[in-house]
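Student: only geometry, no sequence info:
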Ligand code: SD4
C-alpha cells in the first residue's frame, strides 16, 4: 500500500507540501535516489550531478571560516600523501584547536559564563562510524578524543568528566585552556552579563590575512574531505557559543546536526547557533536531500529555509546558521542566513582559497 508520505515524495507538488522549494521539488520529482536506503524503493542507481554546481573535483577539502585556510593546508598534506580523508580532517581541525588566536575552538576558546572553557567535537568516517565528545574540559584536542571514542569504545559520545577521564587514560595531556586574553574578555563581559549568541562580525571579508576574525563571538570549524580513493569524512570542533550557560552543549558534537557523512551520497556540516541546527537536524537533512537528488547548493539552501520557516521569516537579524556540503563527486554547496559566511576550499587545481558564501540576508 502506498503511504501518504510515499505518494508525496513521488510528486513535485508533494515535495513542495513537505517544505521543499518549488524548483528543487521539480528536480527531485524526476531524480533517481542514490544509496542502499533508497534502493528499497528503487533500484540502486547513480545520480547524475548537473554541471556548474561547484567544482566537481576530488580530492577535495572544505572547511568553515577563515581559520579553515591553515586547517585545510594541514588536511591537504595528508590527502596529497595518499592518506585517508579521516586522517586529513582530524589533522586539519587540530590546527585551530591548538591556536590561541582562534577564540572559538580549543585552546584559547572563549569560556562559558562561569569561566570554564568547555569543548564539543565530533568526527565521522566513510563507513558511517562516528565519535563525539561534549562538555569536555582541559584537553586541547577534543577531535582526537572523539576519534578515540569512535575507534576504541562501543559508544558514540562521551561527555564531561567521563570524557576527560577517558582522554587522560588515552594519554592526552591535561592543561588549562583559558588564555589571559580570553579571561580578560570574559571579565569584561561579566560587567553586563548580556548573553548574545550572535553578534555580527566586523566584516571578515575586508582582511586578507589568514588570521581568524570572522563572526563576533563564535566560529566553529567544520571540515569535510574526499580523499584520492573517493572516500569521505568530516570533523567538527568548537568551544561553543561564548558565555553560554555552564553545561550547555551545542550542535557541534551531535551527529546529524553539525555533521553528517554518507559515503554513497555526500557530507554536510554546520556553524552558527547550535540550537537552530539541532532543532532542524540540519546536516542529516542536507545529506538526505542530496540522496533524493538535490545538489549540495540546493540542499544547503533548503536547510536554511527550514530554519527560516521555524521563525516564520520574522526577525532573522539575531539568527545565524551556515551550512557547507559536498557530494561524493566533489561538488560543493554553501549557504547561510547572515551575509558573512566564508569557507576555505582546497583542491589540486586551485590550491587553497577562501570563498564567500551566498546568503539569505544580503549585505546592506
Ligand atoms: C555552537 N555551533 O556551539 C556552535 C557555535 C558555532 O560558529 O558554530 N559558531 O552552537
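Tutor: Nice, I can see it. All values reported here derive from a predicted model rather than from experimental measurement.
Student: Would you mind confirming that residue 130 is in contact with residue 122?
Tutor: Yes. At 6.5 Å, residue 130 counts as touching residue 122 under the criterion of CB atoms under 8 Å. Glycine gets a C-beta too; all of them are placed from N, C-alpha and C.
Student: and for those two, which residues touch both?
Tutor: By CB atoms under 8 Å, 6 or more residues apart in numbering, residue 130 and residue 122 have these common neighbours: residue 255.
Student: Neighbour count: those two, which is higher?
Tutor: Higher neighbour count among residue 130 and residue 122: residue 122, with 34 against 21, using other CB atoms under 10 Å.
Student: Strands of the stretch 1-150 of the chain, start to end?
Tutor: Shown for the stretch 1-150 of the chain, the strands assigned by DSSP state E, counting those that start in this stretch span residues 60-64, 119-124, 130-136.
Student: Make a markdown table from those and add distance to the ligand and mean pLDDT to it.
Tutor: Converted to a markdown table, those look like this (distance: least, CB to the nearest ligand atom, whole Å; pLDDT from 0 to 100):
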| stretch | distance to the ligand | mean pLDDT |
| --- | --- | --- |
| strand 60-64 | 7 | 97 |
| strand 119-124 | 6 | 98 |
| strand 130-136 | 10 | 98 |
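Student: looking at those, which is closest to residue 75?
Tutor: With CB to CB as the measure, strand 60-64 is the member of the strands of the stretch 1-150 of the chain nearest residue 75 (4.6 Å).
Student: Tell me the strands beside that closest one, with direction?
Tutor: Sheet pairing for strand 60-64, assigned by DSSP bridges, gives strand 221-226 (antiparallel), strand 342-347 (antiparallel).
Student: Identify whichever of these lies nearest to the ligand.
Tutor: Ranking these by proximity to the ligand (CB to the nearest ligand atom) places strand 221-226 first, at 7.6 Å.
Student: got the angle for that closest one vs strand 119-124?
Tutor: Angle, strand 221-226 to strand 119-124, by axes from the mean of the first three to the mean of the last three CA atoms, to 10 degrees: 10 degrees.
Student: What average pLDDT does strand 221-226 get?
Tutor: Per-residue pLDDT over strand 221-226 has a mean of 98.
Student: and the helix or strand that that strand is followed by, which strands flank it?
Tutor: Scanning forward in sequence from strand 221-226 by DSSP states H and E, the next helix or strand is strand 232-238. Applying DSSP bridges, strand 232-238 is found paired with strand 119-124 (antiparallel), strand 221-226 (antiparallel).
Student: from the middle of its chain, how far away would the last one be?
Tutor: Right, the one you point to is strand 221-226. 7 Å (CA atoms, centre = their mean, to the nearest Å).
Student: any chance you could map the helices in the protein?
Tutor: Along the chain, the segments classed as helices by DSSP state H run 4-9, 12-17, 22-30, 36-39, 68-80, 85-98, 142-152, 160-169, 180-192, 274-280, 282-291, 296-310.
Student: Of all those, which one is nearest the ligand?
Tutor: For the ligand, the closest of the helices of the chain is helix 274-280, at 2.4 Å, according to CB to the nearest ligand atom.
Student: Show residues contacting that closest one.
Tutor: Contacts of helix 274-280 (CB under 8 Å, 6+ apart): 197, 240-241, 249-252, 254, 257-258, 270, 283, 303, 306-307, 310, 319, 321.
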